[in-house]
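>>> only geometry, no sequence info:
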């Protein structure tokens, strides 16, 4: 089962290499594989990246409150012009923001895999900045996942 996920991920990443976005000066791709518990529509995730010598950079509501179904592979491209080298990265973080209201309780979300890629100046091969290759469960009590540098 794990090899099928990795095979799908490799195909997904290779497709991204062909469809580079020249409009972005320093694109980063966040690739998420949702496990057996989806991210409910209306809930969302924020992405943070810490670069050396700079304040924490925040990207809010990255999925635009869209549902991430069970077993889905999702890619989000963000522009980060101040990132010029993978060596600048200290860590990456995903924050799960649940939209609970009576009678709904906090949304739980199983994230089986997360990879953050960097494509220098929008061209050339991608570099893995941060990764989490083992499952993580977001709950009302556990809303953050910190990923250290991958290199």
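All right, it came through fine. Bear in mind that the values here come from a model prediction, so they are computed numbers and not experimental data.
>>> contacts and neighbour counts: CA atoms only from here.
Noted.
>>> tell me which element the residue nearest the centre of the chain falls in.
For the chain, residue 30 is the residue whose C-alpha lies nearest the centre (C-alpha atoms, centre = their mean; 3.5 Å). Secondary structure assigned from DSSP states H and E places residue 30 in strand 27-34.
>>> How about residues contacting that strand?
With contacts defined as C-alpha atoms under 8 Å, 6 or more residues apart in numbering, strand 27-34 is touched by 21, 68-81, 109-122.
>>> ok now it, how far from the chain's centre?
In terms of C-alpha atoms, centre = their mean, to the nearest Å, the centre of strand 27-34 is set 4 Å apart from its chain centre.
>>> Check which strands are paired with that strand and give the direction for each one.
Sheet pairing of strand 27-34 (DSSP bridges) gives strand 73-79 (antiparallel), strand 109-118 (antiparallel).
>>> Contacts for the shortest one next, please.
In this structure, residues lying in contact with strand 73-79 by C-alpha under 8 Å, 6+ apart are 9, 24-34, 62-63, 68.
>>> quick one, the helix or strand encompassing residue 129 and strand 27-34 angle?
In this structure, residue 129 sits in strand 127-132 according to DSSP H and E. Calculated by axes from the mean of the first three to the mean of the last three C-alpha atoms, to 10 degrees, strand 127-132 forms an angle of 30 degrees with strand 27-34.
>>> Just checking: what are the partner strands of the helix or strand that strand 127-132 is followed by?
Reading on from strand 127-132 to the C-terminus, the next helix or strand found by DSSP H and E is strand 136-138. Applying DSSP bridges, strand 136-138 is found paired with strand 109-118 (antiparallel).
>>> Name the residues that touch the strand it pairs with?
26-40, 86, 126-139.
>>> What sits closest to residue 125 if chain neighbours are left out?
Once flanking residues are discounted, residue 125 sits nearest to residue 119: 6.4 Å by C-alpha to C-alpha, 6 or more residues apart in numbering.
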